[in-house]
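# Have a look at this fold, sequence not included:
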C-alpha cells in the first residue's frame, strides 16, 4: 500500500505538496479518478479520489476517513545528535518504524554536534511513517541545552537517563512499567558528564542501563525505543 501525506487535510486542504504529487503522478502513474490513501500523521487514514493529476499540485476529493486511536503509552527520546548527521537520520527512520512519539535533541558537554537542521530529519520521519504504516508522526524538537531541558515540566512522565556506568543503574527492561508516558535521555559518544547525571537525578530522572555493551548513541536511542515498545506489547 502506498500512502501519501497531508497534515492539514482536516483543515480543508485538498492537495498534495509538489514532492508527494510528483511521486503519485510521475512515479506511480496515478490518474484522475484513481483512489489513494492519505495520512495526516495524527492517526487518520483518508480514502481520497484524484481530481486533478497535476505532478506539482495533485488535488483530491475526500471519500472517507478512518481514525486509529493513539496508544496508551508514549515514548519520548531526548538524544545528543552525532557528528555524522546520517547516523541521526538512521535513528529517526528506524525509531519511527518501531513506534515513537517525540524526539528531542539535547546539547551536552561532550556533544559532537551543536546544530541540527530538522527539515531533512522530518522528511525521513514522514517517509518512515508512510513505509511502516505507523500512523502517528513524531514531534521533532530543536536542540536544547541538556541542563535547560531537564528543568522542563514533563508532568507524570516516567523519566530515565541512560549512561555507561551500568553498575550503578537498573536495566531499563526491568525498571519501566507498561502503559505510561516515558522519557529517556541518551547522551553523546563521550557520555554524559557526572554533573549532568547528578543534575538529571536531582530532577527525578532514574539512571538505567541498556545492557552490558558500549553502544553508539543512535543504537542506544533505538534500543531504548525498542525496549519500551516491547514492554508494552508483552503487557497486552
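All right, it came through fine. None of these values were measured; they are calculated from a predicted model.

# tell me the contacts of residue 196?
108, 109, 146, 147, 187 (Cβ atoms under 8 Å, 6 or more residues apart in numbering). Backbone N, C-alpha and C define where each C-beta goes, glycine included.

# I'd like to know how far the last one sits from residue 79.
Spelled out, it's residue 187. Distance of residue 187 to residue 79, computed by Cβ to Cβ, to the nearest Å: 8 Å.

# which neighbours do the two share?
Common neighbours of residue 187 and residue 79 (Cβ under 8 Å, 6+ apart) are residue 217.

# that older thread, so can I have JSON lines of the contacts of residue 196 showing secondary structure, neighbour count and pLDDT?
As requested, the contacts of residue 196 are exported to JSON lines (DSSP: H, G, I helix; E, B strand; the rest coil; neighbours: other Cβ atoms under 10 Å; pLDDT from 0 to 100):
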{"residue": "108", "secondary structure": "coil", "neighbour count": "20", "pLDDT": "96"}
{"residue": "109", "secondary structure": "coil", "neighbour count": "16", "pLDDT": "93"}
{"residue": "146", "secondary structure": "helix", "neighbour count": "25", "pLDDT": "97"}
{"residue": "147", "secondary structure": "helix", "neighbour count": "16", "pLDDT": "96"}
{"residue": "187", "secondary structure": "coil", "neighbour count": "26", "pLDDT": "94"}
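
# Among those, which one lies nearest to residue 235?
residue 187 (28.0 Å; Cβ to Cβ).

# Next secondary structure after the lowest-mean-pLDDT helix or strand in the chain?
Ranked by mean pLDDT, DSSP states H and E, the weakest helix or strand in the chain is strand 170-171, scoring a mean of 91. From strand 170-171 onward toward the C-terminus, using DSSP states H and E, the following helix or strand is helix 172-175.

# If you count contacts, what does the helix or strand that that next one is followed by end up packed against?
Sequence-wise, the next helix or strand downstream of helix 172-175 (DSSP H and E) is strand 181-186. On a contact count with 3 or more Cβ pairs under 8 Å, 6 or more residues apart in numbering; DSSP states H and E, strand 181-186 meets strand 74-79, strand 158-162, helix 217-235.

# now these in JSON lines, with mean pLDDT, mean neighbour count and distance to residue 95?
Conversion of these to JSON lines gives the following (pLDDT from 0 to 100; neighbours: other Cβ atoms under 10 Å; distance: least, Cβ to Cβ, whole Å):
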{"stretch": "strand 74-79", "mean pLDDT": "98", "mean neighbour count": "23", "distance to residue 95": "7"}
{"stretch": "strand 158-162", "mean pLDDT": "96", "mean neighbour count": "22", "distance to residue 95": "15"}
{"stretch": "helix 217-235", "mean pLDDT": "95", "mean neighbour count": "20", "distance to residue 95": "5"}
